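Novice: I'd like to go over a predicted model; first the sequence, then the structure.
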Amino acid sequence: MGLKIADRSAVDAFRVMDVMRAAQSAEQAGRAVYHLEVGQPGTPAPLAAREAVKQALDSHTLGYTMALGMDELRAGISELYRKWYGVDVPAARITVTQGASGGFALAFLTAFDAGDRVALATPGYPCYRNILSALDLEAVEIMTGPDTHYQPTVAALEALEGPVNGLILASPSNPTGSMLSPEDFGAISDWCQHRGVRLISDEIYHGLTYGTPETTAAAINDDAFVINSFSKYFSMTGWRVGWMVVPEDMIRSLERLQGNMTICSPAVSQIAALGALNATEELEALKAGYRRNRTVLRDALTAGGISEISAPDGAFYLYAKVDHLTDDAVELCRRILDETGIAITPGADFDTQRGHHFMRLSYCTDEASVQTAARLLAPWLKSQPRLR
């Protein structure tokens, strides 16, 4: 009889990783692959980040930092809040984490006890509910659609069955790129505060917006956890460095958890992040490329006969309904990869009930790859009979 495997480990796979593996296998077999499956910029960390690391390799021991992160980086992130939002967030309330993913686990552990119920929008980032499940927390789904711009509303929160202890907001969101208006964000924040519901604000795609104003929970809700990262706007996915703005009365609790669970975020990544804070010109040029990619890819989907596509205000995703082609988007995306070399993530990752009719396309890879993928994808989609 084998030894026990903990029930908490039986979470769903993060399906995009499976798509990445299939795309990698195709590349290793010598095929050209166009990566629209993963939210990973097709560029390295900004030059200022890389130069900071080069200098540090010869002058720093790169040993442990404090559990909450390097003082210089926390101060730099505090200054970023003044620059981006005009809000004063003390460096003492900022902790550096191992990516936003590490931040979610720490926030959930600090804010909730086993059995607590946490609401979140669907479709949404699958790792929210998977991490919640692993921590014996209940994910309470709020089904959203184009009618609410794929975001929760106060009315939807009021209609939930039973009380909730927390709410995860993502604006911009993954997979749709949708955003809450400042007024709607404020109304939901007020609802949380009046009912003692802990707000967890995922702001990882801030900086990557295309006209709609960004709202940070740090400006309006002192009880909220605000989670961000250097992965997306700063083009540093593999460096695994993020940050949180933590409620003042929870800083010591979170520090104890971080010190025990990870000790600290990697020193070399923190040094790179500090350099990246000075790379605005380079990063804004990348964002301009994403905006062009968005137009190219959306036009290709429309030309291919897809009529329902999310209208992203931010991030770098399109969420497209493909129910006229299939009841199995996983198989559809497999065929697209096999027959065109385009890697796309099926919607089942983001919505376990309706995602079989959707696929998510990321447009943050290089412009040449997006243009080639668009030329291949439109005629392929248009030529397909309905799949079963």
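Specialist: In hand now; what should we look at? Numbering: from 1, shown residues only.
Novice: do you know how far T97 is from L169?
Specialist: 18 Å (C-beta to C-beta, to the nearest Å). (Glycine included, C-beta is placed from N, CA and C.)
Novice: quick one: which of the two has more around it?
Specialist: Neighbour tally, T97 and L169, criterion other C-beta atoms under 10 Å: the higher count belongs to T97, 27 against 24.
Novice: Now that one. Nearest residue, chain neighbours left out?
Specialist: Spatial nearest neighbour of T97, excluding adjacent residues (C-beta to C-beta, 6 or more residues apart in numbering): G103 at 4.0 Å.
Novice: and what of V296?
Specialist: The shortest distance from V296 to any non-neighbouring residue, by C-beta to C-beta, 6+ apart, is to A374 (5.0 Å).
Novice: neighbouring contacts of the one helix or strand the one you found maps to?
Specialist: Assigned by DSSP states H and E, A374 belongs to helix 367-383. Residues from elsewhere that reach helix 367-383 (C-beta atoms under 8 Å, 6 or more residues apart in numbering): 34-36, 42, 289, 292-293, 296-297, 299-301, 303-306, 325, 336, 339-342, 363.
Novice: List of residues touching stretch 300-310?
Specialist: Here stretch 300-310 makes contact (C-beta under 8 Å, 6+ apart) with 146, 150, 175-178, 298, 317-322, 324, 361, 373-375, 377-382.
Novice: now do stretch 184-203
Specialist: 100, 104, 107-108, 111-112, 118-119, 125, 128, 151-154, 157-158, 163-171, 180, 214-218, 220-221, 223-228.
Novice: Buried among the residues you listed? Need that as a selection in PyMOL.
Specialist: Typed into PyMOL, the next command selects the buried ones out of the contacts of stretch 184-203 (criterion: 16 or more other C-beta atoms under 10 Å):
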select buried, resi 100+104+107+108+111+112+118+119+125+128+151+152+153+157+164+165+166+167+168+169+170+171+180+214+215+216+217+218+220+221+223+224+225+226+227+228
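Novice: among the contacts of stretch 184-203, which are in strands?
Specialist: Mapping the contacts of stretch 184-203 onto strands (DSSP state E) picks out 118-119, 166-170, 225-228.
Novice: Pick out the most distant pair among these.
Specialist: Greatest spatial distance among these (C-beta to C-beta): A119 and N228, at 20.8 Å.
Novice: Enumerate every residue touching the nearest residue to G211 once chain neighbours are set aside.
Specialist: If the residues on either side of it in the chain are set aside, G211 comes closest to D313, at 6.8 Å by C-beta to C-beta, 6+ apart. By C-beta under 8 Å, 6+ apart, the contact list for D313 reads 172, 177-179, 209-212.
Novice: Roughly how far does T97 sit from V226?
Specialist: Remark: distance between T97 and V226 (C-beta to C-beta) = 12 Å.
Novice: Kindly point out which residues are neighbours of both of these two.
Specialist: The contact sets of T97 and V226 overlap at M244 (C-beta under 8 Å, 6+ apart).
Novice: Longest helix in the chain, please.
Specialist: Secondary structure of the chain per DSSP state H: the longest helix is helix 280-303.
Novice: quick one, that helix and helix 367-383 angle?
Specialist: Using axes from the mean of the first three to the mean of the last three C-alpha atoms, to 10 degrees, the direction of helix 280-303 lies 10 degrees away from that of helix 367-383.
Novice: Okay, buried residues for helix 280-303 please.
Specialist: Using 16+ other C-beta under 10 Å as the test for burial, helix 280-303 gives 282-283, 286-287, 289-290, 293-294, 297-298, 300-301.
Novice: In TSV: these, plus distance to R354.
Specialist: What follows is the buried residues of helix 280-303, written out as TSV (distance: C-beta to C-beta, whole Å):
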residue	distance to R354
E282	39
L283	34
L286	32
K287	30
G289	31
Y290	27
N293	26
R294	23
L297	22
R298	21
A300	23
L301	18
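Novice: Among those, which one sits closest to R74?
Specialist: Nearest to R74 out of the buried residues of helix 280-303 is L283 (C-beta to C-beta; 20.2 Å).
Novice: per-residue pLDDT, that closest one?
Specialist: Confidence at L283, expressed as pLDDT, is 97.
Novice: Can you get me a residue count around the residue lying closest to D323 once chain neighbours are set aside?
Specialist: The shortest distance from D323 to any non-neighbouring residue, by C-beta to C-beta, 6+ apart, is to H357 (3.9 Å). If you count neighbours by other C-beta under 10 Å, H357 ends up with 21.
Novice: Hmm, H357 is touching V322, no?
Specialist: Yes: at 6.3 Å, H357 counts as touching V322 under the criterion of C-beta atoms under 8 Å.
Novice: Could you tell me which residues touch both of these two?
Specialist: Joint contacts of H357 and V322 (C-beta under 8 Å, 6+ apart) are A329.
Novice: Looks to me like V140 is in a helix.
Specialist: No: using DSSP: H, G, I helix; E, B strand; the rest coil, the secondary structure at V140 is strand, not a helix.
Novice: For beta bridges, what are the partners of it?
Specialist: Judged by DSSP bridges, the bridge partners of V140 are A119.
Novice: Might you report the residue contacts of it?
Specialist: V140 neighbours (C-beta under 8 Å, 6+ apart): 117-120, 160, 162, 164.
Novice: okay, the residues you listed in a markdown table with pLDDT next?
Specialist: Formatted as a markdown table, those follow (pLDDT from 0 to 100):
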| residue | pLDDT |
| --- | --- |
| R117 | 98 |
| V118 | 98 |
| A119 | 98 |
| L120 | 98 |
| L160 | 97 |
| G162 | 95 |
| V164 | 98 |
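Novice: Closest one to G275 out of these, please.
Specialist: Looking across those and measuring by C-beta to C-beta, the closest to G275 is L120, at 33.7 Å.
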